[in-house]
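**Student:** sequence below, structure please.
(chains A and B)
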Amino acid sequence: MPPAPSLRRSAAQRLLRLGVSLALLVYFAAVIIAPLSGPPPASELSQVILQPFRPLLGALYLGHGYRFFAPDPGPGHTIRWTIALPDGSTRTGKTPDAESDWPRLMYHRRFMVAEKIAVLVPPPFAPAEAREAAKGDWLPLVKGVASNLLRSTGGTRITLELVEHYLPGPQEIVAGTSGEDLVTPLGTFARREALRK
Amino acid sequence: MTPTDSTRSLPALSRGWFAEWAEAWNTFWFTPADPLPLAVVRICTGLLLTWSCLVWLLDPDAFFGDRGWLAPTDVWRMNDQPWQWSWFFVGAGPNTARVLAGIALVAAVLLTVGLATPLAAIVSLLALVSAANRAPLSTFGLDDTLGMLLIGLAVGPSGARLSLDERLLGAGQGSGAPSVHANVALRILQVHLCVVYFFSGCGKLFGASWWEGTAIWGAAANVQYRTLDLTWLAWHPLVINVLTLVTLFWEVGYVALVWPRLTRRVFLATAVMVHLGIGLAMGMMEFGLAMITANLAFVPAASWRRLLPQFLFPVSSESRTVSS
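**Tutor:** Predicted coordinates for the structure are as follows:
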């Protein structure tokens, strides 16, 4: 005798719940392994567990560390630029620029460009070998910035500098003193070089 | 151990323990819930994504073009390729970038008003993922949070309430009734948000300035973030300490204390204050609003019914909810 419809429904429902439960476990395993495995420091174990989850994390844009303002809020960065225009004049500016980047979300998206490149660029006082080794990471990105600025301004040549803005302590504000911004040259790029990359 | 427990064998005790876990799991994930909170989250998320799309469309070449901030050939330097796909990889020409960003905008608007919502939610998610994976130099917490929200909205019946779908399809569809489907989506959002706060809080525990109670100063004094001058805090170090430590304890404790009814209101109210503070003082209003939107998943349907104007609820759908 075939099972009653209610029993069949109940079995199908159980199977569905089992499937959904497994999917949820996989999803949250991925959600949790992403911040466990990066940014550093992270365990070797988390790196091993991460591997099978990489397709899911990448496909759903879930590979985040969620370290908002951590471990410590640091100084802000801007990219300062000087552009030579075809008529021989020059134009200076910075990215981001609170005066001209509107709306604020546009400012913030451009601010992220400077912040993410700043993470890769060692300060000018770092050992020469370390600065040279890091170039392979940041130079292609800086050339992209150069290319975009030359495109949007119609310039022929651009010089870029990374500025780390001094973050004054409360005592300095009270005393009315401050420190110097840290400036790191990023290079000068002709239009052709920036495009070639 | 109760006297009854002591008389039971270990396998029997284990079976009981596993059964309790299974029951708790079933109750947590598979109890029908009203889709109304999901609808509120949908509208807020849709508005934020619409705004984000408009900003992308102000300069699509810079974000998605072949001569933008990040050339297509360099995306792999910032992403985990080939997994971080993007529909913007199809073409990097100016027209392609505009059309694809335009599709994202249409999907976001449809999601907001709740028209063809299941499809709009999926396309919105694909659009957000595509944009974020194509322009990783320009992404930040807003994109992470929108991604999280859109997954929940794509999974659940987010157009069942407060939507054009509900109005156009009529009340006879039964889609606005409490459902397991809605509960799964809301739980996904709630648990994911707890994961976000937990790791964000743990990350802060690495930092000396969070332990010293001075981290908020580091955020307030950063001119690149600042939209509200809070340097007067320099004369009030104890206020800086209080703001820093409250933020830290709230974030670390959220994962546990947002669930009990007694502490939930305190944690949700603190979330609103913290994120509005970040939005107003640090110029990241969109990120602040996205995080507040995620917190709305914890506000019960009964509260929304009291808070929202009654004309938003078709009579037939209300009676359906009450009867179910």
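**Student:** quick one: pLDDT of residue 99?
**Tutor:** Assuming you mean chain A. pLDDT, A:Glu99: 94.
**Student:** chain B, not that one
**Tutor:** pLDDT, read off for B:Val99, is 95.
**Student:** now do the SS call for it.
**Tutor:** helix (DSSP: H, G, I helix; E, B strand; the rest coil).
**Student:** buried residues in the helix or strand containing B:Leu238?
**Tutor:** Using DSSP states H and E, B:Leu238 maps to helix B:237-257. By neighbour count with 16 or more other Cβ atoms under 10 Å in any protein chain shown, helix B:237-257 contains the buried residues B:240-241, B:243-245, B:247-248, B:250-255, B:257. No exception for glycine: its C-beta is placed from N, CA and C like everyone else's.
**Student:** number of residues surrounding the spatially closest residue to A:Leu160 that is not a sequence neighbour?
**Tutor:** Once flanking residues are discounted, A:Leu160 sits nearest to A:Leu186: 4.0 Å by Cβ to Cβ, 6 or more residues apart in numbering or on different chains. A:Leu186: 24 surrounding residues under other Cβ atoms under 10 Å in any protein chain shown.
**Student:** how distant is stretch B:31-38 from the center of its chain?
**Tutor:** Relative to the chain's own centre, stretch B:31-38 is displaced by 16 Å; criterion: Cα atoms, centre = their mean, to the nearest Å.
**Student:** to clarify, my last question referred to stretch B:26-44.
**Tutor:** Worked out by Cα atoms, centre = their mean, stretch B:26-44 lies 13 Å from the chain centre.
**Student:** where does chain A have its least confident helix or strand?
**Tutor:** helix A:191-196 (a mean of 67; mean pLDDT, DSSP states H and E).
**Student:** ok, now which ones touch B:Asn222?
**Tutor:** By Cβ atoms under 8 Å, 6 or more residues apart in numbering or on different chains, B:Asn222 lies in contact with A:73, A:75-76, A:165, A:167, B:282.
**Student:** quick one, phi psi at it?
**Tutor:** Dihedral pair for B:Asn222: phi -80, psi 110, per degrees, to the nearest 10.
**Student:** got it, and B:Gly201?
**Tutor:** The phi/psi pair for B:Gly201 (degrees, to the nearest 10) is phi -70, psi -40.
**Student:** related to what we said a few turns ago, distance of the residue nearest to A:Leu160 from B:Met291?
**Tutor:** Using Cβ to Cβ, to the nearest Å, we find A:Leu186 at a distance of 33 Å from B:Met291.
**Student:** same check, this time on B:His275
**Tutor:** From B:His275 to B:Met291 the distance is 5 Å (Cβ to Cβ).
**Student:** overlap of the contact sets of the two?
**Tutor:** With Cβ under 8 Å, 6+ apart, B:His275 and B:Met291 have no common neighbours.
**Student:** residue of the stretch 51-200 of chain B closest to chain A, please.
**Tutor:** Per Cβ to the nearest Cβ, B:Trp83 is where the stretch 51-200 of chain B lies closest to chain A, at 2.6 Å.
**Student:** quick revisit: neighbour-wise, which of B:His275 and B:Met291 wins?
**Tutor:** B:Met291 (27 against 21).
**Student:** okay, the more buried one: pLDDT?
**Tutor:** For B:Met291, the predicted pLDDT is 98.
**Student:** which ones are touching the residue sitting nearest the centre point of chain A?
**Tutor:** In chain A, the C-alpha nearest the mean C-alpha coordinate belongs to A:Lys116, at 4.0 Å (Cα atoms, centre = their mean). The contact partners of A:Lys116, by Cβ under 8 Å, 6+ apart, come to A:141, B:78, B:136-137.
**Student:** could those residues go into CSV alongside pLDDT, secondary structure and neighbour count?
**Tutor:** Below are the contacts of A:Lys116 laid out as CSV (pLDDT from 0 to 100; DSSP: H, G, I helix; E, B strand; the rest coil; neighbours: other Cβ atoms under 10 Å in any protein chain shown):
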residue, pLDDT, secondary structure, neighbour count
A:Leu141, 96, helix, 23
B:Met78, 93, coil, 17
B:Pro136, 97, helix, 21
B:Leu137, 97, helix, 23
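**Student:** taking those, tell me the two that lie furthest apart.
**Tutor:** Using Cβ to Cβ, the contacts of A:Lys116 span at most 10.3 Å, a distance reached by A:Leu141 and B:Pro136.
**Student:** which residues do these two both contact?
**Tutor:** Joint contacts of A:Leu141 and B:Pro136 (Cβ under 8 Å, 6+ apart) are A:116, B:70, B:78.
**Student:** any idea how far B:Asp229 is from A:Val113?
**Tutor:** 25 Å.
**Student:** scratch that, A:Glu164
**Tutor:** Applying Cβ to Cβ to A:Glu164 and B:Asp229 gives a distance of 21 Å.
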